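Novice: Would you be able to build a 3D model of this:
(one chain, ligands or ions: 1)
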Amino acid sequence: MLLQNRAVIALGLRICSTNVLKGPLMDTARPNSDMSEFRKVFSKAKHIAIITGAGVSAESGVPTFRGEHEKWRKWQSQDLASPEAFSRTPSRVWEFYHYRRELALNRKPSAAHLAIAECEARLKKQGRSVVVITQCTDDLHRQAGSKHLLKIHGSLMETRCVSCGHVAVNKRSPICAALKDKGAPDADVADAQIPVDKLPRCGERDCRGLLRPNVVFFGETMDSHILTKVEEQMETCDLCLVVGTSSIVYPAAMFGPQIASRGVPVAEFNTNTTPKTEYFTFHFQGPCGTTLPQALAQHESESI
Ligand SMILES: [Zn+2]
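Specialist: The predicted model follows:
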């Protein structure tokens, strides 16, 4: 039922059928880490796609709930962010998302978020474009000022009705009275076991259906309209940055390699190498709040 309005997307399958999975496209064993080389490519790019992941938000203090040390109570996000978990224990899943919403509402954009937004605004005046394709569900890119934003995993600040499908922006804190002061992450906290009629409900006329966070749960497909827009950007960009993502969640993990397969330069910014590093032209290791501001700063050739 939760999936009834979600189109099945062939993008992932199409990507997997291309030759990018057969091996690295680069002749050299390692990507280039020379910032001045990257800056030359950056200065000529007209359409820049920036793919961001949890690492960008982690630098703002937003936890990913992926690692062993980042559990909410005794669970990682994949245990809670699933259609099955929401059907079985909607109260527990809403507590988890309430906690994440409140946390995200209280965080500020990082240096990386700000560098991306500043770059978009600056390049726009020069007739150049920047699009952010993000896996993050918080609102920090928007808060930083990014305008051209594709949120492929949905938004913590939106709800979707499981009955009528209505999607609405919702930044209320708390989202409903029953969740006030709930959602504490400590391992010894018991479930609040909120009755389902006290959880967030649809405000559309005569509906009152149960709301869920408008995020893509594990095992669900992405929104087809967003993916079509992503595909357009992947086909038209002439430079791609892959920032703060471990490149293990599909299909997003294939976006960078897919772009690289067109011969377009792709630069990875991450604290570590990833399974996809070998496909890319550039790799800059370190906190993206340190590397990105240098990479995206005004180039001497830019006229404003
Ligand atoms: Zn509804």
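Novice: how many other residues sit next to residue 91?
Specialist: 18 (other Cβ atoms under 10 Å). C-betas here are computed from N, CA, C, even on glycine.
Novice: same for the longest strand seen in the chain, what does it pack against?
Specialist: Ranked by residue count under DSSP state E, the longest strand found in the chain is strand 154-161. With contacts taken as 3 or more Cβ pairs under 8 Å, 6 or more residues apart in numbering; DSSP states H and E, strand 154-161 sits against helix 90-105, strand 167-169, strand 211-215.
Novice: So for residue 189, which of those sits nearest?
Specialist: helix 90-105 (8.9 Å; Cβ to Cβ).
Novice: Next, the buried residues of the helix or strand just after the closest one.
Specialist: With elements assigned by DSSP states H and E, the helix or strand that comes after helix 90-105 is helix 111-124. Residues 111-120, 122-123 are the ones in helix 111-124 that count as buried (16 or more other Cβ atoms under 10 Å).
Novice: Stretch 291-301 now?
Specialist: 291-293, 295-296.
Novice: Now do stretch 258-276: distance from first to last residue.
Specialist: 11 Å (Cα to Cα, to the nearest Å).
Novice: Please identify the buried residues of that stretch?
Specialist: Going by 16+ other Cβ under 10 Å, stretch 258-276 has these buried residues: 258-261, 264-270, 274, 276.
Novice: residues contacting residue 151?
Specialist: By Cβ atoms under 8 Å, 6 or more residues apart in numbering, residue 151 lies in contact with 134, 136-137, 226.
Novice: For those residues, pick the one with the most neighbours.
Specialist: Of these, with other Cβ under 10 Å as the count, residue 134 tops at 29 neighbours.
Novice: Bridged to that one, which residues?
Specialist: Listed by DSSP bridges, the beta-bridge partners for residue 134 are residue 52, residue 151.
Novice: Please pull up the helix or strand immediately following the one helix or strand residue 79 maps to.
Specialist: Assessed by DSSP H and E, residue 79 sits inside helix 77-80. Per DSSP H and E, the first helix or strand lying C-terminal to helix 77-80 is helix 83-88.
Novice: distance between that following helix and the chain's centre?
Specialist: Relative to its parent chain, helix 83-88 has a centroid offset of 22 Å by Cα atoms, centre = their mean, to the nearest Å.
Novice: and that helix, what's its mean pLDDT?
Specialist: Per-residue pLDDT over helix 83-88 has a mean of 97.
Novice: Roughly how far does the residue nearest the centre of the chain sit from the ion?
Specialist: The residue lying closest to the centre of the chain (Cα atoms, centre = their mean) is residue 135, at 1.3 Å. Taking Cβ to the ion, to the nearest Å as the measure, residue 135 falls 27 Å from the ion.
Novice: Over to residue 147?
Specialist: Taking Cβ to the ion as the measure, residue 147 falls 30 Å from the ion.
Novice: What residues does the nearest residue to that residue once chain neighbours are set aside make contact with?
Specialist: Nearest residue to residue 147, sequence neighbours excluded (Cβ to Cβ, 6 or more residues apart in numbering): residue 120, at 6.4 Å. If a contact means Cβ under 8 Å, 6+ apart, then residue 120 has 129-130, 132, 145-148 as its contacts.
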